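**Q** Generate a structure from the sequence data that follows.
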Amino acid sequence: MASRDTKLPETLGTGPTGEPPKVAPRPPFTTPPSGMRVRRITTGEDELVVVSLPVERADDEVGLTDAERQVLRYLLEGKTNAEIATARGVAVRTVANQVNAIFRKHDVQSRAELVAKLRPRGNRP
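**A** All right, here's what the predicted structure looks like:
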């Protein structure tokens, strides 16, 4: 790989002709995403800012419906079908059918297997 000599401006923040670079206007401040973490690290004269965001589970990859995703959240909290039905205002049989669909789509046979598959080791109940 050949190296190219590149002349950098004498002063940072100026363009090649010496004028300040054009900067797009900043958007108004918005609320950061839930779970966002920012960490500042100083090493010698350098300062780094590390931003991390939680990775969302890809429930959609297995084709869960909105109702099934809601039931899945309750399952991961350890709720029974009756508790889920009461919370959602539906029949227990409806929840049982949705639980079976979730099991089928995630290729598991039980709640314990579902939790083991979806929960990271440190977050298991």
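**Q** all contacts plus neighbour counts: C-alpha atoms, from now on.
**A** Noted.
**Q** where does the protein have low pLDDT?
**A** For the chain, residues meeting the criterion pLDDT under 70 lie at 1-18, 20-29, 33, 54-61, 120-125.
**Q** Quick one: the helices in it, in order.
**A** Under the criterion DSSP state H, the chain contains helices at 66-76, 81-88, 92-106, 111-118.
**Q** neighbouring contacts of the first one?
**A** When you say that, I think you mean helix 66-76. Contacts of helix 66-76 with the rest of the structure, by Cα atoms under 8 Å, 6 or more residues apart in numbering, involve Asp59, Ile84, Val95, Gln98, Val99, Ala101, Ile102, Arg111, Val115.
**Q** for it, which positions count as buried?
**A** Of all the residues in helix 66-76, those buried under the rule 16 or more other Cα atoms under 10 Å are Glu68, Arg69, Val71, Leu72, Tyr74, Leu75, Leu76.
**Q** how about the helices of the chain, which one is nearest Val49?
**A** Ranking the helices of the chain by proximity to Val49 (Cα to Cα) places helix 111-118 first, at 30.6 Å.
**Q** Quick one: work out the angle between the closest one and helix 66-76.
**A** 100 degrees (axes from the mean of the first three to the mean of the last three Cα atoms, to 10 degrees).
**Q** Can you give me the buried ones in helix 111-118?
**A** Arg111, Leu114, Val115.
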